[in-house]
Every structure is written in C-alpha cells, then in structure tokens.
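> missing the sequence, but the structure's below:
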Ligand code: HEM
Ligand SMILES: CC(C)=CCC/C(C)=C/CC/C(C)=C/COP(=O)(O)OP(=O)(O)O
C-alpha cells in the first residue's frame, strides 16, 4: 500500500468534519453504554430519582456521576444532530437512513432512561435502556464505516491477478534487501546465534499480549473464588502458555518455511535461511508441546486439553488449512489467540465459564481489527506468498471497512464483559479511552491510506488490548 497519490481517482474529498462529528458521537455513546453497564457506575446513575436534574449536592460522587451521565447524553444528542446537519449533503442514502433511525431512537432512549430513573424500575426496562444504547452505538458505527468507505473507497492499490497466480513470480520478486538480511542471518554462527534462532522460532514478540490474555482470564476467575490466586497456578499457567505458544510458533515456521522465503517480512527467519534444520525444529516443537502439556496438566485436565487444542488449531487448522485457502483465515484463525483466555479461566476453575468465554470473544473479534492493518501494509508481500488476505481478495477499502466493523464489535464485547463481571471504573475508562484512540487511528488510516497509518492502527490495536487486559487484572486483583 503506498501513498494515496498513486491511487488517486477523484480529486475532491469531502470535508472530514462530518466523520469527526460521527466519531465524537460514537465515542460519547460508547461512554454512556459502558457507564450504564458498569455495576458501580450504573448504581450511581440510578441514585438520582428526579429528572432532568438531581436533588442533592454535586459533591456527592453518585449525584455527580448521575448528572454526568445526563450531561453526556445531552452532548451526544447535540453531536448527532450536528453530524446530521453538517453531513447531510455528502452522506450516502444508507448513511442518511441510519442517521434518521438514530434520531428517531434517541428521544425514546432518553424517555426510557428518565422513566427508569424516576420510578426506580429495574429488570427488563433497565436492560432495554442498555440494549437501545447498544443499538444506537452500532447504528452510528455503521454510518461511520459506510461514510468512510464512500469517501475513500475509490482509492485502491489492488492488483487483478488471483493470489495463487501471483505466487508464480516468487523468488525473483523478493526484494534484494530481504535476501541480504536473510543471507546475513544465515551467516551468523556459534552458540549465541543458534540460541537466538531457536528463540525466534517461538515467536516471542507475540508472547507478552497472549500471556496478558491468559492472565486476565485467571484474574476474572479468581474474582469468583474466595481463596486467593496461588503463585503456583500463575506460574504453571504462564509457563505452559509460553511453551505452548513457542511450540505452535515453531510448527508454524516449519510448515511455512518455503513461503517465508518468498516474503520480505519473513525471508530472514531461521528455517527460511536454513539456520535451523527442519528435523531439529520439529523435535524442538514436540519437546515444547510435551513440556507445556505437562505444566498445564499440573493445573487440571481442562487446561491441558485447551493447551493442546490451541497448539493443534494454530499449527494445523490455521497454518495449513485456513491461511492459504480462505479470505476468512484471520477471522476463523482468531480462535487461536482467544483460547489463552479460556486456559486462564480454566486454570483457576477447572472448567469454562461465561466471563472467560466472553473475554475469549473479545480477543476473537479484536484479531481482524489487529491483523488487517498488517495485511494492508504487507499486501505486496502476502501476494508474493500467495495468501488470500482480505486486501488482495476484497480490496483495501473493504478491508478498512471491516477493521471498523471488528473494532466496534470488540468494543461491544468488551462492554458485555463489563456487564457480566464486577469490573469497575478502571476497566471502563480503559476501554473507552483506548478504544477512542484505536478508532481514531483507523479513521486516519482511511484518510491517509499509507503503510505508516496502517502500522499506527496496528500498534493502537495492541495498545487497546494490552490496556483493557491490564485493567482487568488490576480491577480484579488490586482494586
Ligand atoms: C489470526 C490471528 C493473527 C494474525 C494473522 C496475526 C498476525 C501478526 C503478524 C503478521 C505480526 C507481525 C509479526 C512479525 O512480523 O514478526 C503480528 C505481530 C503481533 N501480534 Fe498478531 N496476529 C494474530 C493474532 C494475534 C493475537 C491473538 C495476539 C495477542 C493476543 C497477537 C499479538 C501480536 C503482537 C503483540 C505482535 C507483535 C507486535 C510487535 O512486533 O510490536 N496477534 N501479528
Ligand atoms: C496457547 C496457545 C498455543 C495459543 C496460540 C496463540 C497463538 C500463537 C496465536 C497466534 C495467532 C496468529 C495466527 C499469529 C500469526 O500467525 P501467521 O502465520 O499469520 O504470522 P506470520 O506470517 O508472521 O508467520
């Protein structure tokens, strides 16, 4: 993906004020929905039983939160009206219809909220208020995604030959720089070089975030127990996690060594440069697999089964079946990164529970919003590899639109976790603030359409997930 100039079709791009107002309204609605779903904050909102103002001093935190919720609701209403007025002339038909739906639903939402507040009704009506808020959130997100696509969809770097054919001109097309790096790597010798090579087989750069996933699963489960989380459970879970990620990463290197040679990003990998022999790598992967299962088995059978299942899924299902054959490889492959959440929950409880499952769902939905940015930045590389990645099969504009879809789905799933668990203000503020940053980098990706913008959104995806997982751990274990 290069700078937009190389793909410019039309010269006029509409004023970004419309999408900026949509983003502000979307983040505002998300803040309202998260506050409404966070038990402690929702109780505070309900503390005010008069409307539209509250009786009692704003010095009372509960009154302050209740008034803040209503003020935010009024500001969001203003933003939605402003976005509609500013953008109406440039909005597509389906964006106009969606905004019309939101403008019709919003007064109903305010009415239900006022009724719940003044009557003290709980149950179904309070849930309806939350669900209506989620519907407004999804509607605004769709309006944003569709408007961004309409404004930037004509810029495409997409080639026309199908991925498999593009693999035909393989080795000759690997950039000279990659070959130089690869030959430099393979020239390294000695014990240190060998150790480094085996370390690289384990994909260490993924580990910090995957271990945070398992740790958040443990923290959520520990919150349901009376006894404290034991150090042994943490060490066995993370030890098993590191070894199992290393095992699956090693098998992934073994199975992709020929394709890795054709891609600039992976041409210098230990098996692509024959720094490590294939038989040795296979033995290394098997040893790591056994070691990881032994550690998981010290916890319980469920954790051991999930660990083995994750290795098998990533090494075989994703690497051999999904990645080379379907444009949905990233979506379905998201199961691999979601399983550590189940392992963390199972390590503490011995079973699979709803909060652990919803946390796994957050990672599953986050994965396309994470990887599609790299698929855009490394599009030419993936073409050389012959992988049917989304930008190659469906185009860059559709890929950017799907990143918004999966980002919004991730934020919603993160909010469901709020409703299912005693997570508090720290988690709520992390998912709203870092979610807003992540969303803004994706909007900029639509406008800039450069590798730099794609990498910015990629790192924002890691920062968002890292932040909310850390907030889960602190919220559940410290606060
Ligand atoms: C289908 C699923 C996924 C795909 C296709 C994918 C793809 C990638 C790729 C290609 C890279 C660059 C690696 C490199 O060039 O060495 C990467 C980096 C990374 N991925 Fe993913 N990933 C996936 C899922 C996950 C999951 C589930 C997590 C953690 C929860 C994760 C965390 C990371 C991290 C932390 C990095 C390193 C970023 C850095 O180097 O600064 N990925 N991913
Ligand atoms: C507990 C356990 C074992 C969990 C598995 C977690 C895990 C390793 C997830 C990785 C997800 C993934 C598909 C990464 C990219 O692979 P890729 O082949 O697309 O990346 P590449 O092109 O850089 O090789």
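Received, thanks. If you're wondering where the values come from, they're calculated on a predicted model, not measured in any experiment. Numbering: from 1, shown residues only. Ligands and ions are numbered 1, 2, ... in the order given.

> and the closest residue to ligand 1 within the stretch 301-450 of the chain, how many neighbours?
Using C-beta to the nearest ligand atom, residue 337 is the residue of the stretch 301-450 of the chain that sits closest to ligand 1, at 1.9 Å. No exception for glycine: its C-beta is placed from N, CA and C like everyone else's. The tally of other residues near residue 337 (other C-beta atoms under 10 Å) stands at 24.

> Could you report the pLDDT at it?
The per-residue pLDDT reported for residue 337 equals 96.

> How about it: what's its closest non-neighbour residue?
Leaving aside its chain neighbours, residue 337 sits nearest to residue 363 (5.3 Å; criterion: C-beta to C-beta, 6 or more residues apart in numbering).

> does the one you found really touch residue 212, like I thought?
No - the pair residue 363 / residue 212 is not scored as a contact, 10.1 Å apart, by C-beta atoms under 8 Å.

> Tell me which of those two has more neighbours.
More crowded of residue 363 and residue 212, by other C-beta under 10 Å: residue 363, with 27 against 21.

> In the helix or strand encompassing residue 342, which residues are buried?
Using DSSP states H and E, residue 342 sits in helix 329-349. In terms of neighbour count (16 or more other C-beta atoms under 10 Å), helix 329-349 has its buried residues at 329-349.

> Touching both of residue 363 and residue 212, which residues are there?
residue 465 (C-beta atoms under 8 Å, 6 or more residues apart in numbering).

> residues touching the residue of the stretch 301-450 of the chain closest to ligand 1, list them.
210, 213, 363-364, 367.

> for residue 237, same thing?
Counting by C-beta under 8 Å, 6+ apart, residue 237 touches 214-215, 218, 296, 299, 303, 343-344, 347.

> Tell me which two in the residues you listed are the farthest apart.
Across these, the longest distance by C-beta to C-beta is 15.0 Å; it joins 215 and 296.

> Looking at these two, which is more packed in?
Neighbours around residue 215 and residue 296, counted as other C-beta under 10 Å, are more numerous at residue 296. The numbers are 27 against 24.

> Can you verify my assumption that that one contacts residue 240?
Yes - contact criterion C-beta under 8 Å: residue 296 and residue 240 qualify, at 4.2 Å.

> Overlap in contacts, the two.
303, 307, 343.

> can you put the residues you listed in TSV and add distance to ligand 1?
Output for the shared contacts of residue 296 and residue 240, formatted as TSV (distance: C-beta to the nearest ligand atom, whole Å):
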residue	distance to ligand 1
303	18
307	15
343	12
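
> Export those residues to CSV and append columns for pLDDT and distance to residue 92.
Formatted as CSV, the shared contacts of residue 296 and residue 240 follow (pLDDT from 0 to 100; distance: C-beta to C-beta, whole Å):
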residue, pLDDT, distance to residue 92
303, 98, 49
307, 98, 47
343, 98, 44
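
> Those residues: which ones sit near ligand 2?
Residues of these in contact with ligand 2 (C-beta under 6 Å from any ligand atom): residue 307.

> Rebuild the shared contacts of residue 296 and residue 240 as TSV, extending it with distance to residue 106.
TSV is the format used below for the shared contacts of residue 296 and residue 240 (distance: C-beta to C-beta, whole Å):
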residue	distance to residue 106
303	46
307	47
343	42
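
> and which of the shared contacts of residue 296 and residue 240 is nearest residue 250?
Of those, the one sitting nearest to residue 250 (C-beta to C-beta) turns out to be residue 307, at 14.8 Å.

> Go ahead and confirm the closest one touches residue 240.
Yes - assessed by C-beta under 8 Å, residue 307 is found in contact with residue 240 at 5.8 Å.

> more crowded one of the two?
In terms of neighbours (other C-beta under 10 Å), residue 307 is the more surrounded of residue 307 and residue 240; the figures are 31 against 26.

> Pull the contacting residues for the more buried one.
Residue 307 makes contacts with 240-241, 244, 292-293, 296, 343, as judged by C-beta under 8 Å, 6+ apart.

> How about residue 244?
288-289, 292-293, 296, 307, 310-311.

> any chance of the residues you listed in JSON lines, plus secondary structure?
Putting those into JSON lines (DSSP: H, G, I helix; E, B strand; the rest coil) gives the following:
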{"residue": "288", "secondary structure": "helix"}
{"residue": "289", "secondary structure": "helix"}
{"residue": "292", "secondary structure": "helix"}
{"residue": "293", "secondary structure": "helix"}
{"residue": "296", "secondary structure": "helix"}
{"residue": "307", "secondary structure": "helix"}
{"residue": "310", "secondary structure": "helix"}
{"residue": "311", "secondary structure": "helix"}
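
> Of those, which is the most crowded?
residue 307 (31 neighbours).

> ok so, going back, now, which of the contacts of residue 337 sits nearest ligand 2?
residue 210 (5.3 Å).

> What's the per-residue pLDDT of that closest one here?
Residue 210 carries a pLDDT value of 97.

> what's around it, how many residues?
Residue 210: 23 neighbours (other C-beta under 10 Å).

> Quickly check: the helix or strand containing it near ligand 2 or not.
Using DSSP H and E, the element containing residue 210 is helix 204-222. Yes - judged by C-beta under 6 Å from any ligand atom, helix 204-222 and ligand 2 are in contact via 206, 210.

> what's that helix packed up against?
Applying 3 or more C-beta pairs under 8 Å, 6 or more residues apart in numbering; DSSP states H and E, one finds that helix 204-222 contacts helix 231-255, helix 329-349, helix 354-377, helix 451-477.

> anything in the longest one near ligand 2?
Right, helix 451-477. No - for helix 451-477 and ligand 2, the contact criterion (C-beta under 6 Å from any ligand atom) is not met; the two come no nearer than 12.5 Å.

> Give the buried residues for stretch 457-471.
In stretch 457-471, counting by 16+ other C-beta under 10 Å, buried: 457-458, 460-461, 464-471.

> nearest to residue 254, of those?
residue 458 (25.8 Å).

> Model confidence score at the closest one, please.
Residue 458 is given a pLDDT of 98.

> That one: what's it in contact with?
So residue 458 contacts 370, 373-374, 377 (C-beta under 8 Å, 6+ apart).

> so which helix or strand takes in the closest residue to ligand 2 within the stretch 51-200 of the chain?
Per C-beta to the nearest ligand atom, residue 200 is where the stretch 51-200 of the chain lies closest to ligand 2, at 11.0 Å. Assessed by DSSP H and E, residue 200 sits inside helix 190-201.

> For that helix, buried residues please.
197-198, 200-201.

> Averaged pLDDT, it. What do you get?
Helix 190-201 shows a mean pLDDT of 93.

> List the contacts of it.
Outside helix 190-201, the residues touching it (C-beta under 8 Å, 6+ apart) are 188, 246, 249-250, 253, 269-271, 275-276, 281, 284-285.

> close to ligand 1, is that helix?
No - against ligand 1, helix 190-201 shows no contacts by C-beta under 6 Å from any ligand atom, the least distance being 9.0 Å.

> Give me every residue in the stretch 301-450 of the chain lying close to ligand 1.
So the stretch 301-450 of the chain meets ligand 1 at 330, 333-334, 337, 363, 367, 370-371, 374 (C-beta under 6 Å from any ligand atom).

> what's the most distant pair in these?
Every pair of these checked by C-beta to C-beta; the farthest is 363 and 374, at 16.5 Å.

> what's the closest non-adjacent residue to residue 368?
residue 406 (4.3 Å).

> does that neighbour sit in a helix, a strand or a coil?
helix.

> roughly how far apart are it and ligand 2?
15 Å (C-beta to the nearest ligand atom, to the nearest Å).

> Alright, that wraps it up for me.
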